[in-house]
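Trainee: predicted model and sequence follow; I will ask about them next.
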Amino acid sequence: MVTLFLVLSLLTVLSALCVVFTRNLIYSVLSLIVCFFAIAGHYVLLKASFLAVIQVIVYAGAIMVLFLFMLMLMNLNKKAEASKPFSLKVVAVGVCLLVLVALVSIVFLSAPRVCFAPLAPVSGSVSALGPLLFNEYAIPFELTSILFLSAVAGVVMIGSYGKKAKKQ
Amino acid sequence: MILLGVILFPFLSAIVSFFLHSEKGSKAWALLSVFIEGFLVFFSAYLYSQAGYLSVEIPWIQTLGIHLHFGVRGFELWMMILSAVVPAMAVVSSSSKRANPGSYYGLLLGMQGALMGLFACANLFLFYIFWELSILPSFFLLMGWGGLRKEKTAVTYVVYSLAGSFALLAGLLYVFMSGGQVSVYGQMGVFILFFIAVAIKIPLWPFHSWQPDTYEQTDHATTMMVAGVLSKMGLLGILKVMLLFAPLGAVFSSDKVIGLAIVSILYGSSLALVQGHFKRVIAYSSLAHMGLMAASLFSGTSEGIQGSIFQMGSHALNVVGLIWIGHIIYERTGTLKLAELGGIRSRSPFLSAVFLVVILGSIGFPLTNGFVGETLMLFGLYSVHPLFAILAGLSLVLGAWYMMRLFQAVMLGKGNSNLPEFNLTWSERIGLGVIMVSIVGMGIFPQPFLDFVTPSSFKESDSSCTQ
Amino acid sequence: MYSIIILTVLGIIGMLGDMLPLKRLFLPVTLLGFALAWLGYFFEFPMHTSLFSFDLISMCFGGVMLVITGISVITVYGYGSFKHGSEPPYTVLALMIFATAGGLLMVAWSHLMMLFLAIEILSIPLYVLVGSQGDRKASQEASLKYFLLGAVASCIFLFGMALYYAGTGSFLLGAVHPHSLVGSAGVLLMIAGVCFKAGVVPFHSWVPDVYEGAPTVITGWMAALVKVAAFGALTKMVGSLSYSVWGLEVMGMAVLTMTLGNVLAVQQGSLKRLLAYSGIAHAGYMLLVFLPVTETSITTVFFYGASYALGTLGVFTVIHILEQSGLSATVDALRGLFKRNKTVTLLWCLSVLSLAGIPPLPGFFAKLLVLMHVVKAHHSGLLWVTFLNFLVGVYYYFRLILYPFTGGLSEESVVLSVWQKVGVVILLILTWGAVLFPEFLLSVF
Amino acid sequence: MTYLETIPSEWYLILSAIVFCIGLCGVLIRRNAMSVLMCIEMMLNAVMLLLVAFSGYYRDFSAQIAVFFIMIVAAAEVAVGLVIFSMMFKKTSSIDLDDWGHLKG
């Protein structure tokens, strides 16, 4: 189990690094998909099977395909992205390392309070999540419809803008 | 309730005035309004003489415990009479055509309302609100109807005024937070903050640099208001707030304040000697006079305080007279530069006679109002420290010098040969006549006015000034 | 919950606006709906569940937000040129209504997940609305910048939420153990996420660009709504947390925010950027109220938010009117406004003076309340910093008051459309109402 | 069970902190708006991983529900973001953030 965790973590981190540091956008997207699959693997390890499936379907399936589609549409894969000045990069990496060190030190400083004794097995199956989602969390579930409505309205408005402008 | 009427009436008529457009109509409305306001003030003076104390209290913001609380004692009534008379003079003296007369008179009336509120208010919160409210109309008047350099002047004026009112706000907050019982060190701090506020308003020497430009650039009616009444706000602040909430601060630092005031007396007098513009001479002479009033307020003697309060009125009268005469000259000749003026005496003997009387009043010549006030003030200062009185007395000598110089430059000499005729209108004749008569009248019969402002009327200044 | 439902229905009506038969009824129905939405609070008041708490805070802040959107809807309705047409921009109105629903939720949560959802419901329409003036490049850039930075801020908020959950095992605030470092770090990250919305330094870099890029009617509405919503959410957040977790950081942020906002506002030549930086400074003043949270904090932040919203709406309405008369939104465009239209000048002066905090306008009471709070907190250094900031603010606001009275670029008088007149009159009435009866707003808590 | 016993919770904390920081780094150093959005998605995934892990430790499903909502929101956000990008792209044929430096914070 630990081995599996370590392998998946290594895969996650490496592919994440790959996303950030490759110039080619296509490679970047592909390694992001790898990263998402690795995280889905973690979910399986954590017995959150439903979320693992959703992760694969929504993220690796839908969102990343949307990304790839946009890349193709804009024809961005041809020219490699120009990079920011080196000094800026160093500063950015430094800042992020600092944040990381801060977070890790916080984790270790409060270690005895974070590490809990393991409890009875959990299983994030659909049968467990479903009632919760549609009983206790029914209202936020409905509220997400406002989110989607406004997203749809906005997308249509912006998307149709060019057409109307051309007509006139 | 009459007090509420006195305060609200100018604001209401100001709102009406904003909607008037014709020159004649708006002036007629403004005249009517200032006369009704004058009537209201004198009626409340009558009521005061019957009752001894006028007050009104209405709840406003109960969450913060803020009430609309007004109460009037002798010297406050004196200031209210002042701020009824000076705007009336200002409106009567306005004759020239200007853009947006309705807004102009509306702002003047609004300023009158703010001053009435400031003089009549009986708690710190209202004091601050009206203090700040009086800045806005003068700023807009300067901005809308000022001279060529009005923008820069207006910014200077407003930055100074607001710096002062922020200092005032800081002090008031401190007083408010300590529940009226300020510690000794706290009183020193509060005293310094209040002092900055009033010193900018009066103005006193290091804080005065907004004043000459403002006097020069504003329209004459605004100058009358600023010189005649707005500058007295500072002195009133000393009486009404500073001595009440930071008495120990006043005790410890009165010497330093008197020192500053004497510096500004000497500074103002000597600079008034070399100015080449009519209104700038008035500005620096005002600096000197106001310095003397501030110094004698801090002398702590009853003669000094009484003289100072008396002098507030007579200085207002004199300075209004001077500015009015300046305005008449400016209207006829189109300039107020001393080098371009001269020989007006031969054109208008009446004007030069009035001018002479006003000048005599402002240099403290016996039998004029200035004499009564200045004598009392110097007497008060002398009993604190003879040196102060001697230095302050220099102002009389210097004052005679620069005023005579002014008279000579404007009235005597051969001057400009193509001077127009000086035909004074009836309103000008009557107004200047009233000023002349009251200058002499206050000098010969000062007692009724001094009774108004007996020190006892504010010594027992009740605790209603707190929240 | 009724209010959210009503707003959703109104939003859907707006989305279908182009196809509806009785288009004339749209505005009255919308405004009536807003009134009903506010009345809806009374039917379920107070409602506390594990997800929501519709309490006094949410009712009052929600009421202010509904008023803000109501006024903006009137002016936007009269402004048909979003899409080069004379039709009212129904989609824009629908998005504004949806965002308001998000704003109402931001002050009605009790579960952190709900706060996150509310922030997103508020933000996503905003990203689109900022870019809704598609023919201006600045508008698109602002939209993009706002979107990317907003998404990062959401991530930071979420990471904070996850850390909080890791530290405490709960999504309800108030559970953080004083020694749980992970939970405390989570709280700080969440505060940072909300502070991004409020435009607090160091999360402010979007504010000037978005204010400048967005269509002016949207800018005024957004500036007012987002600030009120964000500070309402912050009030709910910090009210249930221990002061030691966030006190020092918030104090530092407040000082930085007001100082930087004021200092940068002094140098601006573009009106919208100037107001953006001054808005940052106002966020700093409002943060002071949480140092520490006392019983007067809620009143202060509520009154400050309401008066800021009123002033901001007035100022941006005037800028919009100026832009429609053919001038760009620079400080110089104000020149000669007094000669061109006196009513608009009056609204401008009152709003700017209120933002500057000159008595007896509502902004003054707001600043006074903040000062009283700082005095009570016994931070004398903080008091002086605040004071100096007020002074700097007064300086640049008076510059804005100065210009309408000086010689102008254009002499022709400014003509308002019917709906603009209605908006201006409502704003004037509200301002005077707040002067005469501040008690009405101050006594609710 | 045995699994949860063998893997301490800090490991997940640290893993997600690492992924989050890598994403943050990407946001700071990438110039292409699309890559920045991808990095943001990565940060979101770090958050979700953390939530799911601690959902296991606390045996509390609400965190998994939260993850579900985050995914929904992320999808909506991506849709809006991509439309904004395409609008920009139509206008300028580039989605390089540094090309649009006209608005300076």
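Mentor: Received, thanks.

Trainee: quick check: which ranges of the chain have low pLDDT?
Mentor: Picking chain A for this. Where chain A drops to pLDDT under 70, the residues are A:76-84, A:111-124, A:161-168.

Trainee: actually chain B
Mentor: Residue ranges of chain B with pLDDT under 70: B:96, B:179-180, B:414-420, B:453-467.

Trainee: how does it look with 50?
Mentor: Applying pLDDT under 50 to chain B flags the ranges B:457-467.

Trainee: determine the number of other residues adjacent to the residue of it at minimum distance from chain D.
Mentor: Residue nearest to chain D within chain B: B:V155 (28.4 Å; CB to the nearest CB). Bear in mind the C-beta positions are built from the backbone N, C-alpha and C, glycine included. The criterion is other CB atoms under 10 Å in any protein chain shown. On that basis, B:V155 has 18 neighbouring residues.

Trainee: may I see the buried residues of the helix or strand containing it?
Mentor: Using DSSP states H and E, B:V155 maps to helix B:150-177. Buried residues in helix B:150-177, counted by 16 or more other CB atoms under 10 Å in any protein chain shown: B:150-151, B:153-158, B:160-176.

Trainee: so where does B:A28 fall, helix or strand?
Mentor: Taking DSSP H and E as the definition, one finds B:A28 inside helix B:23-51.

Trainee: any bit of the helix or strand following that helix sitting next to chain C?
Mentor: Next in sequence after helix B:23-51, counting helices and strands by DSSP H and E, comes strand B:54-61. Yes: where contact is defined by CB under 8 Å from any CB of the partner chain, part of strand B:54-61 touches chain C, namely B:60-61.

Trainee: which helices and strands does the next helix or strand after strand B:54-61 pack with?
Mentor: Using DSSP H and E, the next helix or strand after strand B:54-61 towards the C-terminus is strand B:66-72. For strand B:66-72, the packing partners by 3 or more CB pairs under 8 Å, 6 or more residues apart in numbering or on different chains; DSSP states H and E come out as helix B:2-18, strand B:54-61, helix B:101-120, helix B:124-133.

Trainee: CSV for these, including mean neighbour count?
Mentor: CSV is the format used below for the helices and strands packed on strand B:66-72 (neighbours: other CB atoms under 10 Å in any protein chain shown):
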stretch, mean neighbour count
helix B:2-18, 20
strand B:54-61, 15
helix B:101-120, 27
helix B:124-133, 23
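
Trainee: can you redo the ones you listed as CSV with distance to chain D?
Mentor: Compiled in CSV, the helices and strands packed on strand B:66-72 are given as follows (distance: least, CB to the nearest CB, whole Å):
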stretch, distance to chain D
helix B:2-18, 41
strand B:54-61, 40
helix B:101-120, 39
helix B:124-133, 35
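
Trainee: reformat the ones you listed as CSV; add distance to C:V414.
Mentor: Supplementary listing: the helices and strands packed on strand B:66-72 in CSV, determined by distance: least, CB to CB, whole Å:
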stretch, distance to C:V414
helix B:2-18, 18
strand B:54-61, 36
helix B:101-120, 17
helix B:124-133, 28
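
Trainee: right, and these - which one's nearest A:L51?
Mentor: Proximity of those to A:L51 was assessed by CB to CB; the nearest stretch is strand B:54-61, lying at 54.6 Å.

Trainee: pairing partners for that closest one, with directions?
Mentor: Using DSSP bridges, the neighbouring strands of strand B:54-61 in the sheet come out as strand B:66-72 (antiparallel).

Trainee: in chain C, which residue sits nearest chain A?
Mentor: Using CB to the nearest CB, the closest approach of chain C to chain A is made by C:V128 at 3.2 Å.

Trainee: so that residue touches A:I158, yeah?
Mentor: Yes: at 6.1 Å, C:V128 counts as touching A:I158 under the criterion of CB atoms under 8 Å.

Trainee: what's the local residue count around A:L17?
Mentor: A:L17 is surrounded by 17 other residues when neighbours are defined as other CB under 10 Å.

Trainee: that one belongs to a helix?
Mentor: Yes: with the criterion set as DSSP: H, G, I helix; E, B strand; the rest coil, the secondary structure at A:L17 is a helix.

Trainee: just give the closest residue to it, not the sequence neighbours.
Mentor: Once flanking residues are discounted, A:L17 sits nearest to D:I22: 6.0 Å by CB to CB, 6 or more residues apart in numbering or on different chains.

Trainee: surely C:Y2 meets C:F43?
Mentor: Yes: here C:Y2 lies in contact with C:F43, judged by CB under 8 Å, at a distance of 6.1 Å.

Trainee: if you count what's nearby, which of these two comes out ahead?
Mentor: Higher neighbour count among C:Y2 and C:F43: C:Y2, with 16 against 11, using other CB under 10 Å.

Trainee: tell me how far the nearest residue to the more buried one once chain neighbours are set aside lies from chain D.
Mentor: Counting by CB to CB, 6+ apart, the nearest residue to C:Y2 once its immediate chain neighbours are dropped is C:G40, at 3.2 Å. In this structure, C:G40 and chain D are separated by 25 Å, where distance is defined by CB to the nearest CB, to the nearest Å.

Trainee: beyond the host helix or strand of C:G40, next helix or strand please.
Mentor: Per DSSP H and E: C:G40 is located in helix C:26-43. Once the chain leaves helix C:26-43, the next helix or strand it forms, by DSSP H and E, is strand C:47-48.

Trainee: who does that following strand pair up with?
Mentor: Strands that pair with strand C:47-48, judged by DSSP bridges, come out as strand C:53-54 (antiparallel).

Trainee: what sits up against the partner strand?
Mentor: C:1, C:41, C:44-48, C:108-110 (CB atoms under 8 Å, 6 or more residues apart in numbering or on different chains).

Trainee: now, of the residues you listed, which are buried?
Mentor: Burial by neighbour count, judged by 16+ other CB under 10 Å, picks out C:41, C:108-110 from these.

Trainee: of the residues you listed, which is the nearest to C:V228?
Mentor: Distances from C:V228 to the buried ones among the contacts of strand C:53-54, taken as CB to CB, are shortest for C:A108 (13.2 Å).

Trainee: ok, B:P212 to chain A distance?
Mentor: As judged by CB to the nearest CB, B:P212 and chain A stand 54 Å apart.

Trainee: re the thing from before, list the buried ones in the helix holding C:G40?
Mentor: For helix C:26-43, by 16+ other CB under 10 Å, it's C:26-27, C:29-31, C:33-34, C:37-38, C:40-41.

Trainee: generate TSV for those residues, with pLDDT as supplementary columns.
Mentor: As requested, the buried residues of helix C:26-43 are exported to TSV (pLDDT from 0 to 100):
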residue	pLDDT
C:F26	85
C:L27	87
C:V29	90
C:T30	90
C:L31	92
C:G33	92
C:F34	92
C:A37	90
C:W38	91
C:G40	87
C:Y41	86
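
Trainee: who's in contact with B:P203?
Mentor: So, once contact is read as CB under 8 Å, 6+ apart, B:P203 ends up touching B:210-211, B:231, B:234, B:264, B:287, B:290.
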